[in-house]
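# predicted model, plus sequence, below.
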Amino acid sequence: MNTANKITMTRVLLIPVFVALLYIKFEVNDLINNVSIALLVFIIAALTDVADGIVARARNQVTDFGTFMDPLADKIMTFAAMLWFIEVELMPAWLVLIIIVREFMVTGMRLVAAAKSTVIAASIAGKVKTVVTVCCIIAMFLIHMFFPTQEWMLICCWTLIGITTVVSGIEYLIKNKDVIKLSK
């Protein structure tokens with residue numbers, strides 16, 4: 001297994017650790033508890049995403065495994081955080097549904113394109129959406145831990161996530177409309 005794939009596998013293995021930390025409640029002191037440690041694991045996982053992309057391109061280690069597993073690991077990790085946010089009332093379910101619909105739409109378009117031997121590359125808007133989402137998830141954890149009464153901060157995060165999700169989804173539809181043309 002090459003270095004980039006090992007980094008991706010590290011992120012995959014961090015997912016159950018992250019989820020377990022969210023639900024196994026413990027507190028060492030005001031700063032060290034299950035949520036703060038879960039946040040640390042999330043940040044490490046986000047950094048491994050950046051690292052495996054850099055390593056894969058620099059060493060020309062782009063593989064089918066990485067192409068499949070990297071975005072899947074990202075989605076599982078972010079959805080795990082968002083589902084927990086719904087559970088603890090930090091994020092509305094309707095927003096997570098919009099995000100899920102966008103992800104299914106883009107994945108479906110990529111599958112149709114692949115069946116036609118076409119590759120749909122990640123767009124700038126899609127990359128911005130990913131960075132904004134990860135940064136907002138981190139911010140939402142911090143808001144939950146340090147500013148629990150400041151709902152306006154959460155609303156700012158929801159707005160940023162929502163706008164980048166919808167804009168990047170629309171961009172994918174427009175740029176790749178030929179992929180999903182209806183038959184005559």
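That came through fine.
# CA atoms for contacts and neighbours, from now on please.
Noted.
# low-scoring stretches of the chain, by residue?
Residues of the chain that meet the criterion pLDDT under 70 lie in 182-184.
# ok, Phe26 - contacts?
Asn33, Asn34 (C-alpha atoms under 8 Å, 6 or more residues apart in numbering).
# state the distance from it to Ala38.
Distance, Phe26 to Ala38, by C-alpha to C-alpha, to the nearest Å: 11 Å.
# same deal with Gly126?
25 Å.
# what about these two, which has more around it?
Ala38 (22 against 19; other C-alpha atoms under 10 Å).
# so the more buried one is in contact with Tyr23, correct?
No: if you go by C-alpha atoms under 8 Å, Ala38 and Tyr23 don't touch, sitting 9.5 Å apart.
# doesn't Val134 make contact with Thr78?
Yes: between Thr78 and Val134 there is a contact at 7.3 Å, judged by C-alpha under 8 Å.
# can you map out the helices along the chain?
3-23, 34-58, 64-87, 93-115, 124-146, 151-175 (DSSP state H).
# using a markdown table, lay out the ones you listed together with distance to Lys181.
Formatted as a markdown table, these follow (distance: least, C-alpha to C-alpha, whole Å):
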| stretch | distance to Lys181 |
| --- | --- |
| helix 3-23 | 34 |
| helix 34-58 | 32 |
| helix 64-87 | 25 |
| helix 93-115 | 10 |
| helix 124-146 | 22 |
| helix 151-175 | 11 |
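# so who does Thr10 touch?
Ala45, Thr48.
# Leu22 versus that one, what's the distance?
Distance of Thr10 to Leu22, given as C-alpha to C-alpha: 19 Å.
# and what of Phe65?
Phe65 is 28 Å from Leu22, by C-alpha to C-alpha.
# those two: who's more crowded?
Leu22 (20 against 13).
# that one touches Ser36, doesn't it?
No: using C-alpha under 8 Å, Leu22 is not in contact with Ser36; the gap is 9.1 Å.
# quick one: contacts for Phe18?
Going by C-alpha under 8 Å, 6+ apart, Phe18 touches Ala38, Leu39, Val41, Phe42.
# quick one: which of those residues is most hemmed in?
Result: Phe42 is most packed of these (other C-alpha under 10 Å), 24 neighbours.
# which non-adjacent residue is nearest that residue?
Phe18 (6.6 Å; C-alpha to C-alpha, 6 or more residues apart in numbering).
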